[in-house]
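Q: this one's sequence-less:
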């Protein structure tokens, strides 16, 4: 049994296997209607619980469609449906669910919820997102880069904006896939020092550069995300906007990157805030491929979890 909890907790060889499998899966489905079952049905007769403490569009739809295309069935549960950790412990919930389903995907707030679920479940658990990391998104990003420009090893990836859960997993991926990463963020919004130290120990360059123009020089890939969370207070939103205004990705900033550099954003985007519409809709943007690739990357993750 394999849990997929974080990129830095999964062997690099297994991560590479998943990316290669995702490429194969996507190629095999080319041109088919979305409702067409995969030729292979590795999840036939399998039930997958999809737990959402946080609202979701891409995570919910991509996992649900992926399970169905591979022949399985889904049970979608919200935090209010389950009262996760309230009344019944997370450990007991994990034990009970393991008697009903073959795999659990959870999108939650606290990393401790994910870890407790995995510790006590007797079926594979997948991290659909926590406040600390977002590994499934980054697996889709690696897939997207490589289908456009080949191997990401040795490339320069630049992150602009808040040092949030997405960049945490991107830093982990730098260490596992062997690319260099530059994080451009205000001093007050840097990623966790432990994540940076871990990637540096893996032998990749992790640069912290507060000047966004200097950061993107020679970049192969530029990545950003929203500046605020849906749960942030108005005061927090205003403070973050003031801190991050200089890190907006616009055409002038992209001009400092390589001419064939790609732009990514995990979505949803606030157009005109962290990125301009001209960049989002421009020739260097691959955001819609990136969104689609959540489906293919997560199908590969689920197959790996079940040894399929």
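A: Sure thing, it's come through. Because the structure is predicted, anything quoted here is derived from the model rather than measured.
Q: Okay, strands next: where are they in this protein?
A: 47-52, 73-78, 103-107, 125-129, 156-160, 180-184, 206-208, 221-224, 262-265 (DSSP state E).
Q: Would you mind measuring from residue 284 to residue 66?
A: Here residue 284 is placed at a distance of 28 Å from residue 66 (Cβ to Cβ, to the nearest Å). For the C-beta atoms, the positions are set from N, CA and C on the backbone; glycine is no exception.
Q: Who has more neighbours out of those two?
A: residue 66 (26 against 18; other Cβ atoms under 10 Å).
Q: So residue 115 is in contact with residue 5, correct?
A: Yes. The criterion here is Cβ atoms under 8 Å, and residue 115 meets it with residue 5 at 7.1 Å.
Q: What is the neighbour count of the residue nearest to residue 207 when sequence neighbours are not counted?
A: Once flanking residues are discounted, residue 207 sits nearest to residue 182: 4.3 Å by Cβ to Cβ, 6 or more residues apart in numbering. Residues contacting residue 182 under the criterion other Cβ under 10 Å number 23.
Q: same deal with residue 282?
A: Around residue 282 sit 12 other residues, with neighbours defined as other Cβ under 10 Å.
Q: Same check on residue 281?
A: By other Cβ under 10 Å, neighbour count at residue 281 equals 11.
Q: now swap in residue 293 and tell me
A: Using other Cβ under 10 Å: residue 293 sits among 24 other residues.
Q: same question, residue 153
A: When counting by other Cβ under 10 Å, one arrives at 12 neighbours for residue 153.
Q: what's the neighbour count on the nearest residue to it once chain neighbours are set aside?
A: Sequence neighbours aside, residue 178 is the residue nearest to residue 153 in space, at 4.3 Å (criterion: Cβ to Cβ, 6+ apart). Neighbourhood size, residue 178 [other Cβ under 10 Å]: 16.
Q: For residue 178, give its distance to residue 106.
A: 29 Å.
Q: got it, and residue 275?
A: Distance of residue 275 to residue 106, computed by Cβ to Cβ: 29 Å.
Q: likewise residue 20?
A: Residue 20 is 26 Å from residue 106, by Cβ to Cβ.
Q: of the two, who's got more company?
A: residue 106 (27 against 13).
Q: Contact partners for that one?
A: Residues in contact with residue 106 (Cβ atoms under 8 Å, 6 or more residues apart in numbering) are 51, 53, 113-114, 117, 125-128.
Q: what's next to the lowest-mean-pLDDT helix or strand in the chain, contact-wise?
A: Between all helices and strands in the chain, the lowest mean by mean pLDDT, DSSP states H and E belongs to helix 79-82, at a mean of 77. Outside helix 79-82, the residues within contact range by Cβ under 8 Å, 6+ apart are 51-54, 93, 108.
Q: before we move on, what about stretch 125-136?
A: With Cβ under 8 Å, 6+ apart as the criterion, stretch 125-136 contacts 3-7, 10, 50-52, 54, 56, 59, 63, 94, 103-111, 113-114, 117-118, 137, 165-166, 168-169, 172, 266, 294, 297-298, 301-302, 305.
Q: now residue 78, nearest residue through space, not along the chain?
A: Nearest residue to residue 78 in three dimensions, chain neighbours excluded: residue 52, at 5.4 Å (Cβ to Cβ, 6+ apart).
Q: so what's the most centrally placed residue in the chain closest to, chain neighbours aside?
A: Centroid-nearest residue in the chain, with Cα atoms, centre = their mean: residue 137, separated by 1.7 Å. Nearest non-adjacent residue to residue 137, counting by Cβ to Cβ, 6+ apart: residue 266, 4.9 Å away.
Q: Pull the contacting residues for the residue of the chain most remote from its centre.
A: Relative to the mean C-alpha coordinate of the chain, counting by Cα atoms, centre = their mean, the farthest residue is residue 87 (30.7 Å). Applying Cβ under 8 Å, 6+ apart to residue 87 gives no contacts.
Q: Residue 93 versus that one, what's the distance?
A: To residue 93, residue 87 is 10 Å away according to Cβ to Cβ.
Q: Pull up the gap between the nearest residue to residue 124 once chain neighbours are set aside and residue 55, please.
A: With sequence-adjacent residues excluded and distances taken as Cβ to Cβ, 6+ apart, residue 124 is closest to residue 305, at 3.7 Å. Distance from residue 305 to residue 55, counting by Cβ to Cβ: 24 Å.
Q: Those two: which is more packed in?
A: Set residue 305 next to residue 55 and count neighbours by other Cβ under 10 Å: residue 305 wins out with 22 against 12.
Q: Sort out which residues of stretch 174-181 are buried, please.
A: For stretch 174-181, the neighbour count (16 or more other Cβ atoms under 10 Å) marks 174-181 as buried.
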